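A.B. asks: output the structure for:
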Amino acid sequence: MRSMLKPTISLFVICVAVAAALAFTYLGTKDAKSLREELETKNTMKEVLPEAEKFEPIKDINALAGSRTDYSIIKDAYKGFKEKSLAGYVFLVESKGYGGIIKISVGIDTTGRIAGVKIGENNETPGLGAKAAEEPFISQFKGLTPAEKLKVVKNEKTKPEEIEAISGATITSKAVVRAVQAAVEMASEINKTNEGVSGQ
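C.D. replies: Residues are numbered from 1 along each chain as shown. Next comes the predicted model:
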């Protein structure tokens with residue numbers, strides 16, 4: 001009995017030690033990952049709204065969306081400030097593309113001008129939909145103050161609000177346009193409610 005008990009206890013102690021080590025490693029890795037993701041988010045917000053120096057989350061964006069189902073793709077929203085003046089807003093949007101969800105960050109200044117758009121994590125087809133992150137497509141949005149709704153076109157654009165689709169990736173193009181349009185409209189709604197006027 002003793003000969004069986006000793007190795008059993010030893011094995012138990014080893015298992016506890018290994019489990020504790022794994023838990024410690026996981027917590028350390030989790031914290032590092034969270035910090036890295038937070039830094040990446042801040043860098044992205046600064047990239048799409050360069051005028052802003054600091055950002056504050058906009059609480060309860062669901063209430064601002066109301067019954068508008070097209071706003072449900074906006075997952076987070078932030079106010080961007082330069083010193084104490086409101087510079088604009090950043091919206092973190094998840095829009096369904098050809099390969100699944102596309103994470104898109106959109107910066108809108110206080111005049112309704114699109115300050116920047118950045119494509120984040122996605123599973124779009126390399127060489128086709130993945131081109132949404134590249135300049136020829138994404139640069140069509142920057143600096144645009146839409147006078148009407150954004151629209152995807154397959155031929156050469158005739159209006160500023162028309163966005164030329166990526167060849168062979170119309171679904172992806174529409175997903176990005178849908179995200180940017182939702183951000184433009186949400187920024188307008190926030191301005192109406194004076195939600196952005198703060199800057200503590």
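A.B. asks: list the buried residues for the helix or strand in which residue 184 is found?
C.D. replies: Element membership for residue 184, per DSSP states H and E: helix 170-193. Neighbour-count burial for helix 170-193, counted by 16 or more other CB atoms under 10 Å, picks out 171-187, 190-191. The way it works is simple: take the backbone N, C-alpha and C, and place the C-beta from them, glycine included.
A.B. asks: and if you look at stretch 108-117?
C.D. replies: Within stretch 108-117, the residues that count as buried by 16+ other CB under 10 Å are 108-110, 112-117.
A.B. asks: need those in a markdown table (columns: distance to residue 48, secondary structure and pLDDT).
C.D. replies: Below are those laid out as a markdown table (distance: CB to CB, whole Å; DSSP: H, G, I helix; E, B strand; the rest coil; pLDDT from 0 to 100):
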| residue | distance to residue 48 | secondary structure | pLDDT |
| --- | --- | --- | --- |
| 108 | 9 | strand | 98 |
| 109 | 10 | strand | 97 |
| 110 | 15 | coil | 95 |
| 112 | 15 | coil | 96 |
| 113 | 12 | coil | 97 |
| 114 | 9 | strand | 98 |
| 115 | 6 | strand | 98 |
| 116 | 3 | strand | 97 |
| 117 | 6 | strand | 98 |
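A.B. asks: show me the two of the residues you listed that sit farthest apart.
C.D. replies: Greatest spatial distance among these (CB to CB): 110 and 117, at 17.3 Å.
A.B. asks: now residue 53: closest residue in space, sequence neighbours ignored.
C.D. replies: residue 82 (5.3 Å; CB to CB, 6 or more residues apart in numbering).
A.B. asks: okay, that neighbour and residue 46: tell me how far apart.
C.D. replies: To residue 46, residue 82 is 11 Å away according to CB to CB, to the nearest Å.
A.B. asks: quick check: which ranges of this protein have low pLDDT?
C.D. replies: By pLDDT under 70, the low-scoring segments of the chain are 1-13, 15-34, 37, 65-66, 194-200.
A.B. asks: give the contact list for residue 101.
C.D. replies: Each residue near residue 101 by CB atoms under 8 Å, 6 or more residues apart in numbering is listed here: 94-95, 122-123.
A.B. asks: quick one: what helix or strand has the spatially most central residue of the chain in it?
C.D. replies: Nearest residue to the geometric centre of the chain (CA atoms, centre = their mean): residue 92, 3.1 Å. Using DSSP H and E, residue 92 maps to strand 85-96.
A.B. asks: what is the orientation angle of that strand with helix 170-193?
C.D. replies: 150 degrees (axes from the mean of the first three to the mean of the last three CA atoms, to 10 degrees).
A.B. asks: thinking again about what came up before, chain center to the helix holding residue 184, what's the gap?
C.D. replies: 12 Å (CA atoms, centre = their mean, to the nearest Å).
A.B. asks: what about the helices in the protein?
C.D. replies: For the chain, helices defined by DSSP state H occupy the ranges 2-48, 61-65, 135-138, 170-193.
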